[in-house]
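**Q** Next input, structure requested:
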Amino acid sequence: MSVKDNLRRTKFRLKRDFFTLENIVLLLAIVLCLVWTYQSIVAMSRNWKLSETLITEKKELELLNVEVEAAELENEYYKTNEYQELMARKILDKKLSGENMVILPDNSEEAKNKHKVAKVEKQEKSYSNFEKWMMYLFPNY
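**A** Residues are numbered from 1 along each chain as shown. I've put the predicted structure just below:
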């Protein structure tokens, strides 16, 4: 047997056994499923990143809205007569007629420490990757 005969036999077997219509359709279906799965994973990861960005942007917007409201309230307070009177008393040493100034001595160390509250440091618990996934998938975990 020559190499040429072996090549023809191999070619015949491949056509008869492997390159049939059913096998080609099956291979095409598998390739399409793999491509579809890959594209689905890419889309899900993109959506995840976008949702994380959206959540972050919403938090920042909420924080900025609170800061704007605080600034507006502060501006309204600066316009009040009460604030203007307090600043006139503080900066210009103004007082109403009949008022007396009382100067108190500095507090002693005992008085300063009497109502001190011990600072409790909040320690963040570090979670493993598995625990983070469980908390993500099951919020009540």
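
**Q** Can you tell me which residue is spatially central in this protein?
**A** Nearest to the mean C-alpha position of the chain, counting by CA atoms, centre = their mean, stands Thr56 at 4.8 Å.

**Q** pLDDT at that one, what is it?
**A** Looking at Thr56, its pLDDT stands at 95.

**Q** From Ser45, how far off is it?
**A** Separation of Thr56 from Ser45 (CB to CB, to the nearest Å) stands at 17 Å. Just so you know, the C-beta spots here come from the backbone N, C-alpha and C atoms, and that holds for glycine as well.

**Q** max-length helix in the protein?
**A** Counting residues, the longest helix found in the chain (DSSP state H) is helix 21-79.

**Q** Pull the residues that contact whichever helix or strand comes after that helix.
**A** Per DSSP states H and E, the first helix or strand lying C-terminal to helix 21-79 is helix 81-92. Residues outside helix 81-92 that contact it (CB atoms under 8 Å, 6 or more residues apart in numbering): 77, 94-95.

**Q** could these go into CSV alongside pLDDT, neighbour count and distance to Tyr136?
**A** Listed next are those as CSV, based on pLDDT from 0 to 100; neighbours: other CB atoms under 10 Å; distance: CB to CB, whole Å:
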residue, pLDDT, neighbour count, distance to Tyr136
Tyr77, 93, 10, 43
Lys94, 75, 12, 61
Lys95, 74, 11, 62
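
**Q** which one among the residues you listed gets closest to Val68?
**A** Checking the contacts of helix 81-92 against Val68 with CB to CB, the nearest one is Tyr77 at 15.0 Å.

**Q** quick one: contacts for the closest one?
**A** Listed by CB under 8 Å, 6+ apart, the contact set of Tyr77 reads Tyr83.

**Q** what's the distance between it and Leu26?
**A** 76 Å.

**Q** Also Met134?
**A** Taken as CB to CB, the span from Met134 to Leu26 is 39 Å.

**Q** again with Phe19
**A** 12 Å.

**Q** what residues are shared contacts of those two?
**A** With CB under 8 Å, 6+ apart, Phe19 and Leu26 have no common neighbours.
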